[in-house]
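when you get a sec, could you give me coordinates for this:
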Amino acid sequence: MYETCYYSYMISTINISLPKQLKLLAEKEIKKGYYASFSDLVRSSLRKTLMESELDQILEVTKNNYKKGKAIVLKTDKDVDNYFESL
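As a prediction, this is how the structure comes out:
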């Protein structure tokens, strides 16, 4: 899923406005050493959000397929193995 985030090394600069408290919390995370910079924190957060969004979309499609009777329910490890063997 990350391949969608790393397709290009061209850098774009943007300006954002943040509530003061959010900026202070971000700076604390950077000082703790979790991120190299504010840009690193924003990039990591954006990647996580986009990946979660993609997973949410997949989950929604899966739920709809299940409701329509188009999903296969795999209950055991053997069911999963059999499914992948059939592909």
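
CA only for contacts and neighbour counts going forward, please
Will do.

same for the host helix or strand of L24, what does it pack against?
For L24, the host element (DSSP states H and E) is helix 20-31. If you count contacts as 3 or more Cα pairs under 8 Å, 6 or more residues apart in numbering; DSSP states H and E, helix 20-31 packs onto helix 38-67.

in the helix it packs on, which residues are buried?
L41, R47, L50, M51 (16 or more other Cα atoms under 10 Å).

and it, what's its mean pLDDT?
The average pLDDT within helix 38-67 is 92.

next: stretch 16-30.
Mean predicted confidence for stretch 16-30 is 96.

quick one: contacts of it?
With contacts defined as Cα atoms under 8 Å, 6 or more residues apart in numbering, stretch 16-30 is touched by Y35, A36, S37, F38, L41.

switch the cut-off to 10 Å
Stretch 16-30 is contacted from outside by K31, G33, Y34, Y35, A36, S37, F38, D40, L41, V42, using Cα atoms under 10 Å, 6 or more residues apart in numbering.

picking up where we left off before, buried ones in the helix holding L24?
Buried residues in helix 20-31 (16+ other Cα under 10 Å): A26, E27, E29, I30.
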